[in-house]
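Enquirer: kindly generate the corresponding structure for this input.
(2 chains)
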Amino acid sequence: MQGLRAPPVDLSVLERQGACLLNWQQQGREQSNYNPRGGGYCRQMQTSFQALPSGCGGEKNANHGDVHGSIDCFSNGWPDLANIRYPVHGAANVEETSITNVSSNSSRKRKADKSPRSKQKENGGGGKGNSSCKRIKEETGGGATSETGQPNKKEAASGDASKKNDKPPKTDCIHVRARRGQATDSHSLAERVRRERISQRMKYLQDLVPGCSKITGKAGMLDEIINYVQSLQRQVEFLSMKLATASPLMDINIDNIFGREINPSCKSGSTAMIGMSSELLDQSYLRFDSLQHPHPCSGLDTFMDSSDLVLRQNVNPPVAVPDASFGSSFDVNGCSVWSTNLQSLYGVDFQQGRGAALPF
Amino acid sequence: MQATKSFERAFLRQLLRVFRLSAVSYKSMSLQERKSAIKLSADVAMASARGSRKWTRGLIAKLSEEDEHRSFLRLILGTEYERLTKPCHGSWKIPRSKKIVRRSLRVCSRRKNNLRAPHGFKSSVLARTLVEKRTHALKRLVPGGESLDGYSLLDEALDYVISLRAQADLMQKLLTTFEASKLSALSKCTLPERKASFVGK
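Expert: You can find the predicted model right below:
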């Protein structure tokens, strides 16, 4: 990880890693779309954390207090959780969330809740205080950005019906407040954090799986996810079968199609295969349309037209079109069992997906 | 949520590379063999394009269970193969006898049920068992999911779903490309050639 390095003055190992995280994120900016929570980062972080004597769990982590801090909430034996970052909005509130001791100390002093368990040497004054708050320190984000992580945490912390002042959590730690009338021991708070994270993941999955906006329960959602995964896997099998039948001379086709520069007006930057393939597809569709070749499969015409539209990624959504035609084409090919699945998949998919693809 | 363009690009690149490598053997294969070879190639391309995640490792591990696939995988992935098949830090699985585990689980759940619902059936217990059953089913579906826990399982499932969707999309596009090119190629032939090619199919 070259490039940016946060000033090493006040940084611990964690913060430096956070700076590396920032690099990585900036390099693979798109990756954040994949997993805004940075779950993939835990791989990197895990390797470095393994070097530490990580007891990794509910223990008080006294051995490495100055690095881990009080990661004493995850008593459920989830090493991954302890390593997942809560990066901070770097760009937005850099002036607030600087990683210096002074600001973090002052922010902590502003809150009346000092956990007796905080062990942040870098933050100095994490003294004794109100035991109703528990500080879960995971990592100092080093200015790394997260679209969704921070707002959610802010909601979690400030949404609690706490009598304390509810300023949003600053810098680097997750402040979890015990709600009124709820137990304040570490286990239940940890449970609550865990549940909130799981519900957040569930929300993402709800956006992902089509037709899940109405389902609220965990069991129902899991059911839908399972069905969706199974149907996707079956779809892949089916498509591979179709590919096997469609091109027994696959090598020739590949070389012909992807081996040459078909469209001279193609952008020079888009040597990417996907770019080429869409151009090629457009071309082949144009040729096909002009041919009036009597094709036995009439559904295929509409299918190609619609996928042509889809592939050109029109801004105006003719995306309603693929719905019916996908279904019809697959019916024609004798797999009517897929039509409803694919209609639902592709219909909602493309509405969601194409809309999201535009910013690219 | 949408798969990123770089992932799609890497995926397609890998897939085409795999096809080109294995194209020679396609001619001698039967339909079923071709289909499973294509599926294998698609899975390998997806896993290698995604990089190192729990589910990619699980997938590659599952695929390399057969010896013939292992050499193929090694060819495709090159040096990455060794790295990806190295057991992940957090997922050391202690080999356990399934019977013992199942028995202990049964005892534990019975004890829990006795403690918490001695007088009858509480809905929370029902809800919990439902969720557990589904979690187990999801663990079986997501490659490498057996050793995952709650949150990370959902995380991996999220990633896996995105990749699967991208895979299906890509294969669909490939399919239409092939068919389109085939049709256009046919149209260029003269009539007798066209008849011959139809007969040949």
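Enquirer: so the closest residue to B:Ile38 other than its chain neighbours, which state does it fall into?
Expert: Nearest non-adjacent residue to B:Ile38, counting by CB to CB, 6 or more residues apart in numbering or on different chains: A:Ser240, 4.2 Å away. In this view, the C-beta of every residue, glycine as well, is placed from N, C-alpha and C. What DSSP: H, G, I helix; E, B strand; the rest coil gives for A:Ser240 is helix.
Enquirer: can you get me a residue count around A:Ser240?
Expert: Using other CB atoms under 10 Å in any protein chain shown, the number of residues around A:Ser240 comes to 23.
Enquirer: so how far is B:Ser147 from it?
Expert: 28 Å (CB to CB, to the nearest Å).
Enquirer: A:Leu239 now?
Expert: Separation of A:Leu239 from B:Ser147 (CB to CB) stands at 30 Å.
Enquirer: the more surrounded of the two?
Expert: Per other CB under 10 Å, whichever of A:Leu239 and B:Ser147 has more neighbours is A:Leu239, with 23 against 15.
Enquirer: wait, doesn't that one sit right on B:Met171?
Expert: Yes: using CB atoms under 8 Å, A:Leu239 is in contact with B:Met171, at 4.1 Å.
Enquirer: residue of chain B nearest chain A, please.
Expert: In chain B, the residue that lies nearest chain A is B:Ala23 (3.2 Å; CB to the nearest CB).
Enquirer: mind telling me what element that residue is part of?
Expert: Following DSSP states H and E, one finds B:Ala23 within helix B:5-26.
Enquirer: could you dump that helix to PDB, C-alpha only?
Expert: Output of helix B:5-26 as PDB, limited to C-alpha atoms (Å, rounded to 0.1, in the frame of the first residue of the first chain):
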ATOM      1  CA  LYS B   5     -17.500  -2.800 -13.500                       C
ATOM      2  CA  SER B   6     -14.000  -3.800 -12.600                       C
ATOM      3  CA  PHE B   7     -15.300  -7.100 -11.200                       C
ATOM      4  CA  GLU B   8     -17.400  -7.700 -14.400                       C
ATOM      5  CA  ARG B   9     -14.400  -6.900 -16.500                       C
ATOM      6  CA  ALA B  10     -12.100  -9.100 -14.600                       C
ATOM      7  CA  PHE B  11     -14.700 -11.800 -14.700                       C
ATOM      8  CA  LEU B  12     -15.100 -11.700 -18.400                       C
ATOM      9  CA  ARG B  13     -11.400 -11.600 -19.000                       C
ATOM     10  CA  GLN B  14     -10.900 -14.600 -16.900                       C
ATOM     11  CA  LEU B  15     -13.800 -16.500 -18.400                       C
ATOM     12  CA  LEU B  16     -12.600 -15.900 -21.900                       C
ATOM     13  CA  ARG B  17      -9.100 -16.900 -20.900                       C
ATOM     14  CA  VAL B  18     -10.400 -20.100 -19.400                       C
ATOM     15  CA  PHE B  19     -12.500 -20.800 -22.500                       C
ATOM     16  CA  ARG B  20      -9.600 -20.300 -24.800                       C
ATOM     17  CA  LEU B  21      -7.500 -22.600 -22.700                       C
ATOM     18  CA  SER B  22     -10.000 -25.400 -22.500                       C
ATOM     19  CA  ALA B  23     -11.500 -24.900 -26.000                       C
ATOM     20  CA  VAL B  24      -9.300 -27.600 -27.400                       C
ATOM     21  CA  SER B  25     -10.900 -30.300 -25.400                       C
ATOM     22  CA  TYR B  26     -14.500 -29.100 -26.000                       C
END
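Enquirer: if you count contacts, what does whatever helix or strand comes next after that helix end up packed against?
Expert: Downstream of helix B:5-26, the first helix or strand assigned by DSSP H and E is helix B:31-50. Other elements packing on helix B:31-50 under the criterion 3 or more CB pairs under 8 Å, 6 or more residues apart in numbering or on different chains; DSSP states H and E are helix A:218-246, helix B:5-26, helix B:54-63, helix B:67-77, helix B:150-188.
Enquirer: quick check, the shortest one touching chain A?
Expert: Read it as helix B:54-63. No: using CB under 8 Å from any CB of the partner chain, we find that helix B:54-63 stays clear of chain A, coming within 8.6 Å at best.
Enquirer: identify each buried residue in that helix, please.
Expert: Burial within helix B:54-63, assessed by neighbour count using 16 or more other CB atoms under 10 Å in any protein chain shown, is assigned to B:Lys54, B:Trp55, B:Thr56, B:Arg57, B:Gly58, B:Leu59, B:Ile60, B:Leu63.
Enquirer: tell me the mean pLDDT over that helix?
Expert: Helix B:54-63 shows a mean pLDDT of 83.
Enquirer: send me it as PDB with only the CA atoms.
Expert: C-alpha atoms of helix B:54-63 as PDB (Å, rounded to 0.1, in the frame of the first residue of the first chain):
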ATOM      1  CA  LYS B  54     -14.300 -16.500   2.500                       C
ATOM      2  CA  TRP B  55     -16.800 -17.700  -0.100                       C
ATOM      3  CA  THR B  56     -14.200 -17.700  -2.900                       C
ATOM      4  CA  ARG B  57     -11.900 -19.800  -0.900                       C
ATOM      5  CA  GLY B  58     -14.700 -22.100   0.000                       C
ATOM      6  CA  LEU B  59     -15.700 -22.400  -3.700                       C
ATOM      7  CA  ILE B  60     -12.200 -23.100  -4.800                       C
ATOM      8  CA  ALA B  61     -11.800 -25.700  -2.100                       C
ATOM      9  CA  LYS B  62     -15.000 -27.400  -3.100                       C
ATOM     10  CA  LEU B  63     -14.000 -27.300  -6.800                       C
END
